[in-house]
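1. predicted coordinates and the sequence they were generated for:
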Amino acid sequence: MTSHTITPSTWHAVDADDPIRARIVQAARDVRERTPLAQSFTNFVTMNFVANAQLAAGGSAAMSLLDQDIVEISSVAGATYINVGTLLPSYQDALHAIVRAFKESGHMWVLDPVAAGLGAARTAILTDMANAAPNIVRGNASELIALASMWGLQSADGSSRPEGVESVDDVESAAAAARAAAQFITTERGEGAVAVSGAIDLVTDGDRTFRLPGGSPLMTKITGAGCSLGGVTATYLCVTDPLTAALAASLLYNRASEMAAEHAHGPGSFQAEFLDALWTCAPEDIANGELFEVRD
Amino acid sequence: MTSHTITPSTWHAVDADDPIRARIVQAARDVRERTPLAQSFTNFVTMNFVANAQLAAGGSAAMSLLDQDIVEISSVAGATYINVGTLLPSYQDALHAIVRAFKESGHMWVLDPVAAGLGAARTAILTDMANAAPNIVRGNASELIALASMWGLQSADGSSRPEGVESVDDVESAAAAARAAAQFITTERGEGAVAVSGAIDLVTDGDRTFRLPGGSPLMTKITGAGCSLGGVTATYLCVTDPLTAALAASLLYNRASEMAAEHAHGPGSFQAEFLDALWTCAPEDIANGELFEVRD
Amino acid sequence: MTSHTITPSTWHAVDADDPIRARIVQAARDVRERTPLAQSFTNFVTMNFVANAQLAAGGSAAMSLLDQDIVEISSVAGATYINVGTLLPSYQDALHAIVRAFKESGHMWVLDPVAAGLGAARTAILTDMANAAPNIVRGNASELIALASMWGLQSADGSSRPEGVESVDDVESAAAAARAAAQFITTERGEGAVAVSGAIDLVTDGDRTFRLPGGSPLMTKITGAGCSLGGVTATYLCVTDPLTAALAASLLYNRASEMAAEHAHGPGSFQAEFLDALWTCAPEDIANGELFEVRD
């Protein structure tokens, strides 16, 4: 468990019988029983790990980089994961078409705004998504702050420039941006949530805000930890609402990474152990993970 | 071993001294001794696993997405593996040029028609290949049924729409499509075979049809099981005829996945154990695997 | 330790108190303490393994395929790794712009001329880099010979055609090409080095030439061994000079692969063990590896 500096008086442990825990355990069971298909349009670096994590978490996976494929599969997929990590010149048109098709059909999707703020192409793609919003945004603190600024939800302070794919900002610094983004996408799509990953994760639907202090620091020593969490969040979104999906996926990741760290001898064995733990982690263990609600 | 519902009276266990088993053991030995180069033009998701599987099976690997590279390498490679899983806009022209060059030079190649039936770009690419056919097609039941329809070999019944990369049809439902495709490519290229992967695999050269009931269900919980089987089939095609190559690669996959499942604790450790098993599986164990010939 | 046929009289073991060993141990410590960011523009096959190797070696990673992203990140990254393994049509313009921006800003970078000599597109890209040279070239013998010829440093003898990504030439046959390339890039960039990977590695700055006989043959049975060494060389280049970076990364790879081979049962477990060994290998063990200086 990670130590934290935030005043504990604003943190309230979520009760074992809080309805959100019942929704989480139900979602975890549904994923295992239904093997839901979540498709992805995602970066080349971690594509394989995203698909393997979705399969290990109990879902099924499909991936494409053509708008026509993605729109066609969205009619049979429960949700789509879109990650802007490694762009190619053809993506700007493709993503414009995809998110508009999702807006029209009501298809649910998760945005991972990797390296938001870096490069004109990525900024154009992400800014455009304000007009055809996702149901969930999952990113690190720097990315959430940059995205909220692009969407006109709050001004960027200039301190949150992304350094590669690493966040240079603490999760807490993105709390206001996360809540603003969650409120925005909830208004746009009917239901939405934002997950900010870090040493202590933050998940909010704009109304309720949660903090998740679990996990292992070895997650920062493998590539694709965040991306695959976004993919598994889409797997959960196939069977439940955005807030429950974001909480369930993040709790699963925290518990599975702790299980993996117990047996790993370094980042290589950790990666295999982590996929095994995604596979073996019981729905009850996911739902009973450390979860606090923050009330200001 | 997987249970099956097909009338056993049509299945005949292939004898230990059947010449096909001798050809399989010879192919397995030749791969280990010659380290043959099979190149690939394949999807981004499982590219790394395809290359690692080819190396673990005893071959060597090269990969490109430019027609010029692929055509140039084909003069030194024993065979090429082409997989249409994740298309980019430039692929339609590239693949058109590549398969025509292979037709002219007589170069042997394996087609993996991933998600056949999905999207106009993929349909155009696959339909075009009827005019410059591969020596082996490896896919799941849905894909074979869709491909045979595109090639005008039989009418699609509309029930075989691909759902992402998962097959929604049983292998048996693709038996007629597989035989028709095998006869077509044998006529076009002089020699050919088709492998349909599933709980019980089917391999046919259009004349003889085999069923392979082995393997582990954990193969469906890692991404790239089918793609890498296609890649390893190309490795075997470097040293033997299409029917023997398709049988040898599928038997190796069944045996290696059973070996891996004995030691694995989930999909992560299974993936590492599977590559180890590809490496350690003896040629005799490959050739002695469960193999039935189906006579109607 | 690999046996060798070269006259031992020209090989001199580098003393334990040679200043180069002190620079190597310092570089290894600095990487662990600073977690330096090295970005990559690299091939699709081994991208994931490159990033994971950089993280396991103690660095951090970012990857893009757009010139704008790469140039922008270069202002915060310590070095860049460029690998021309799997080209797309957009790369020729992108790489032209990137290397010119690096020349102007003085940004340090590592070139991995994968499959040099294969295809007109790759030849055009690599030939162009003579006008905006890297600080380090890392490749196999065939690639170094082909690159030196493209850069007009020596005539190719026609025997070094690349066969896929495998080298068909012995490291020793590339010694003159490596020294010529090292002298060329040192003149162009102020400081430079060349590393030729093989059973016995060669590292030179054009003045001093070293041979590194360690490592495990299992490294040739996983894909990305060479690419990820190039990526980790860029990680080291963030904290030290080119010669020290090339030596430190190659010594780390030799030691870590020996550690991994002790525990591996095949290429799958070897890959996980190797990443673990990159993570656990002590700076002193890196610096004390087998290292010879060759004096003719």
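-> Noted; the coordinates are in hand. Residues are numbered from 1 along each chain as shown, chains lettered A, B, ... in the order given.

2. and the residue in the stretch 1-150 of chain A that chain C sits nearest to, how many neighbours?
-> Here the residue of the stretch 1-150 of chain A nearest chain C is A:Gly119; by C-beta to the nearest C-beta that distance is 4.5 Å. Using the backbone N, CA and C atoms, a C-beta is placed for each residue, glycine as well. As a burial measure, A:Gly119 scores 21 neighbours (other C-beta atoms under 10 Å in any protein chain shown).

3. now do it, the pLDDT please.
-> Per-residue pLDDT puts A:Gly119 at 93.

4. my read: it touches C:Leu65, true?
-> No - in this structure, A:Gly119 is not within contact of C:Leu65 by C-beta atoms under 8 Å, at 11.3 Å.

5. joint contacts of the two?
-> Taking C-beta atoms under 8 Å, 6 or more residues apart in numbering or on different chains as the contact rule, A:Gly119 and C:Leu65 both touch A:Leu87.

6. just to revisit the earlier point, what sits against the residue of the stretch 1-150 of chain A closest to chain C?
-> A:87, C:64, C:66, C:68-69, C:72.

7. relative to chain B, how far out is it?
-> As judged by C-beta to the nearest C-beta, to the nearest Å, A:Gly119 and chain B stand 20 Å apart.

8. thinking again about what came up before, quick one: which of the contacts of A:Gly119 is most hemmed in?
-> Neighbour counts for the contacts of A:Gly119, by other C-beta under 10 Å, peak at C:Ser64, which reaches 31 neighbours.

9. is stretch A:51-66 positioned near chain B?
-> Yes - shown here: stretch A:51-66 in contact with chain B (C-beta under 8 Å from any C-beta of the partner chain) through A:51-52, A:55-56, A:60-66.

10. show me the helices in the stretch 101-250 of chain A, by range?
-> Counting by DSSP state H, counting those that start in this stretch, the stretch 101-250 of chain A has helices at residues A:120-128, A:141-150, A:175-189, A:225-237, A:242-263.

11. need these in a markdown table with mean neighbour count, can you?
-> A markdown table is the format used below for the helices of the stretch 101-250 of chain A (neighbours: other C-beta atoms under 10 Å in any protein chain shown):
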| stretch | mean neighbour count |
| --- | --- |
| helix A:120-128 | 18 |
| helix A:141-150 | 26 |
| helix A:175-189 | 21 |
| helix A:225-237 | 29 |
| helix A:242-263 | 25 |
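
12. and those as CSV, adding distance to B:Lys221?
-> Output for those, formatted as CSV (distance: least, C-beta to C-beta, whole Å):
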stretch, distance to B:Lys221
helix A:120-128, 33
helix A:141-150, 30
helix A:175-189, 32
helix A:225-237, 13
helix A:242-263, 15
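
13. which of the ones you listed sits closest to C:Ile185?
-> With respect to C:Ile185, and counting by C-beta to C-beta, the nearest of the helices of the stretch 101-250 of chain A is helix A:120-128 at 31.0 Å.

14. list the residues that contact the closest residue to A:Thr127 other than its chain neighbours.
-> Spatial nearest neighbour of A:Thr127, excluding adjacent residues (C-beta to C-beta, 6 or more residues apart in numbering or on different chains): A:Met150 at 4.7 Å. Taking C-beta under 8 Å, 6+ apart as the criterion, A:Met150 is in contact with A:116-117, A:123, A:126-127, A:130.

15. fine by me, we can end here.
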